[in-house]
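# everything below, folded, please.
(chains A and B)
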Amino acid sequence: MQSFLQQAVFGIQLGSLYALIAIGYTLVYGVLRLINFAHGDVFMVGAFVCYYACTRWLPFRDLSADPAGATTNIALAVVVLIMAMAVCALLGVLIERFAYRPLRNGLRIADAHFWGLVAALPVAVRLGPFSHPGVLLAWLVIGVAFGYALRPVVAWIARRSVRATSRLNALITAIGVSFVLEYGGLLVVGADPNFVPTIVPERVYVLPGGVRVGTPQLAILAISLVLMLVLRYIVTYTRRGKAMRAIAHDIEAAKLMGIDTDRVISFTFALGGALAGAGGALVAALTHVKITPLFGLLPGIKAFVAAVLGGPGSIPGAVLGGLLMGLAEAFVAGSKASAFRDAIAFCILIVLLLVRPSGLLGRHVAEKV
Amino acid sequence: MLWLLSRALGAAAVLFGLGALSVWLTHNVETYYYLVLIQCGIAATLAVSLNLINGITGQFSIGHAGFYAVGAYVGAAWTMLWRPIFAKELPWLEIGSLPGDVANLIIALALGSLAAAITGLIVGTPSLRLRGDYLAILTLGFGEVIRVTLLNIDAVGGARGLAGIPTLASTGDLAAFWVFGLLIAVSLLTRNLMQSTRGLTWLAVREDEVASDAMGVDTTRVKVTAFVVGSTFAGASGVLYAHFFTGISPDIFGMDVSIMITTMVVLAGTGSVTGAIIAGFALTAMPEALRFLKDFKEYRMVVFSLALIIMMLTRPQGILGHAEVGFGSFVRLYQRLRLGVRRSAR
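Numbering: from 1, shown residues only, chains lettered A, B, ... in the order given. Here you go, the predicted model:
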């Protein structure tokens, strides 16, 4: 019984993280009917922002040498969380702007500069590590120069660009973006695993019954709850949220009603990115897992399964699915078959697709021809 | 009867030619180039088999390395773990002589491709009943799960993998024979399929799933069949890989391999068999040819994934589209060039 409850606590911690990522999938799926494959990698970027902020960028105190620094560190930790959310929101918007929007509206000449920056990445990596501001500056300069060189090419492409693209093309693009982030990340930060040190004092409470609950677990649960409530407020009560729901309902009609759909879609990606960034920062700082540029893949896929489990497009469904996924994984990890903890997500997905493909809280929508 | 005879003679001639070529290659080509050639052949086989799923039936699978791994491990497990048990009773299973090697390789091929086919059925059936997106996720995840699971199975060496798998090609003489034989088999299968009634239903599913459903095509069945056939050949090429490179570990079958195969199919043109073969050779040989650019191996994945995105934004059907490359296309290219020269001269 005790170990059961202990696994349940672990499962809820895991589940709230999956729920944070799954919301991003479900939001984007809702407005664009697109599986944003790169979402798990946005989560990875959040974890890396947290890692660099904790070890290089921000003046964290060393707790073992200076126990009085705890208050400063907690204040800085909030800054880290906000930083990770901001960076990932920006990344989400960039991905939408430069990879998915050209699929809908055609490539613009201004996009050349973005692709120039991406192309300049390998050149800049040779100059030195990215934590050096000079390298960053050189990257920007070279990237913009590449961009000017690319302009005629993009202009040529834009002229003969195809507009009506199928879902499959969008999916392949999304997968391409995901791989660019992963392997680009490998180039920039290398493949060595990184660990975030303990930055805030951690304490473990023993509940009656012998179940141990640590402050990191409580913090993860509390922060994700707050973020989900904020998201719910935004989607339900603000104008932007209303526009998002309108687009999810019918994008063409929303356009006719005067909604600037491109802006609202950008906003959706920013929201999803911010949540994934928060999830990444929480995972990196509070669970001390090893982070590598490829580590976003499996959490991303599991969160996607969570979103499908709850019903793609439904936000409460994503939260429910995330919690169920977390619990299922925790119980498998605690049992004898712990080697298969990563496989459980796929067993769930396979059974779900056979039994109820529209998800627990999703509606079945017949495809119109 | 005459038709059958001529076909059989043709097949025998091709097989004999392949065997002779294989022996010639082993003795006259430097080992390094020979290994690259074998790798190109295996990659091309993988690309053509994925082309059956992604190109001809219009689905999107991105976990092909998973089936490749299943085939390789099951094939290697036969040769290293199960064969010794049977060999006690059945002396013809001893390796080291040509008949024994061939018999064992055929058994390994059969078991490996069967295992890959069954896995394909398990992965494909639930997701292919629905729209294409689910297949992509499920196959990608499946590839990862296979890798992680293999890491955790001690019987096949865990993270170290299996090493010292006996080469079953009589010290490598026949490696090219098996590899290119498989490549020819899967290419011929695809070509003949596209000209048959059954193949037309596959193409119909690619062009418009709803319409073909309305015309009475059992779309789920078509998609699952294509998926299973594709995975079978991936498994078979895995068996060949295991028996020629004599060492396998879960790392060899990572996601980057899946991405490579997918890139080959998408870049070359979804549906083009010759395109897939050319891309398989080109993308495998390119990192070797570009070795003088010291760290191209590191940039390669970024370059390929960027190529995927740019291809989707500019020419979603791939370079060749559905077209095939044959002698005729060179003639047409020449004519177009001549026309261009004449025009510019005017």
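
# run the chain-centre distance for stretch B:302-320.
Its chain's average C-alpha position is 21 Å from that of stretch B:302-320, according to C-alpha atoms, centre = their mean, to the nearest Å.

# same question for stretch A:287-306.
Worked out by C-alpha atoms, centre = their mean, stretch A:287-306 lies 9 Å from the chain centre.

# now stretch B:201-220
25 Å.

# and that stretch with chain A, contact?
Yes: Stretch B:201-220 comes into contact with chain A (C-beta under 8 Å from any C-beta of the partner chain), by way of B:V210. Where C-beta positions appear, they are placed from N, C-alpha and C, glycine not excepted.

# and the helices in the stretch 1-150 of chain B?
Using DSSP state H, counting those that start in this stretch, the helices found in the stretch 1-150 of chain B span residues B:2-28, B:31-51, B:64-77, B:83-87, B:98-128, B:132-152.

# what sits against A:R232?
With contact taken as C-beta atoms under 8 Å, 6 or more residues apart in numbering or on different chains, A:R232 is in contact with A:I315.

# count the neighbours of the residue of the stretch 201-350 of chain A found nearest chain B for me.
Chain B sits closest to A:A339 of the stretch 201-350 of chain A, with a gap of 3.7 Å, by C-beta to the nearest C-beta. Here the count is done by other C-beta atoms under 10 Å in any protein chain shown, and A:A339 has 15 residues near it.

# now A:F179
Neighbour tally, A:F179, other C-beta under 10 Å: 27.

# tell me which element it is part of?
helix A:167-189 (DSSP states H and E).

# elements contacting whichever helix or strand comes after that helix?
Counting by DSSP H and E, the next helix or strand C-terminal to helix A:167-189 is strand A:204-206. For strand A:204-206, the elements it packs on are strand A:212-214, judged by 3 or more C-beta pairs under 8 Å, 6 or more residues apart in numbering or on different chains; DSSP states H and E.

# tell me which of the helices of the stretch 1-150 of chain B sits most buried.
helix B:64-77 (a mean of 30; mean count of other C-beta atoms under 10 Å in any protein chain shown).

# mean confidence score for that one?
The average pLDDT for helix B:64-77 rounds to 90.

# on that earlier part again, buried stuff in the helix holding A:F179?
A:168-189 (16 or more other C-beta atoms under 10 Å in any protein chain shown).

# how distant is it from the center of its chain?
For helix A:167-189, the distance to the chain centre is 13 Å (C-alpha atoms, centre = their mean).

# what packs against that helix?
Partner elements for helix A:167-189 (3+ C-beta pairs under 8 Å, 6+ apart): helix A:39-52, helix A:101-105, helix A:111-127, helix A:297-310, helix B:132-152, helix B:255-268, helix B:296-314.

# how about these, which one is nearest A:T72?
Across the helices and strands packed on helix A:167-189, A:T72 has its closest neighbour in helix A:39-52 (17.0 Å, C-beta to C-beta).

# hmm, the next helix-or-strand element following the closest one touching chain B?
Remark: after helix A:39-52, the chain's next helix or strand is helix A:70-95, criterion DSSP H and E. No: between helix A:70-95 and chain B, judged by C-beta under 8 Å from any C-beta, nothing touches; the nearest distance is 10.5 Å.

# what's helix A:70-95 packed up against?
helix A:39-52, helix A:261-282.

# need the winner for burial among those helices.
Stretch with highest mean neighbour count among these: helix A:39-52 (a mean of 27; mean count of other C-beta under 10 Å).

# that helix vs helix A:167-189, what angle?
Angle of helix A:39-52 versus helix A:167-189, following axes from the mean of the first three to the mean of the last three C-alpha atoms, to 10 degrees, is 20 degrees.

# show me what helix A:39-52 is packed up against.
Identification of packing neighbours for helix A:39-52 by 3+ C-beta pairs under 8 Å, 6+ apart yields helix A:2-32, helix A:70-95, helix A:167-189, helix A:261-282, helix A:297-310.

# could you give the average pLDDT over the second one?
If I follow you right, that is helix A:70-95. For helix A:70-95, the mean pLDDT works out to 88.

# in it, what's buried?
Across helix A:70-95, burial judged by 16+ other C-beta under 10 Å covers A:73, A:76-77, A:80-81, A:83-85, A:87-95.
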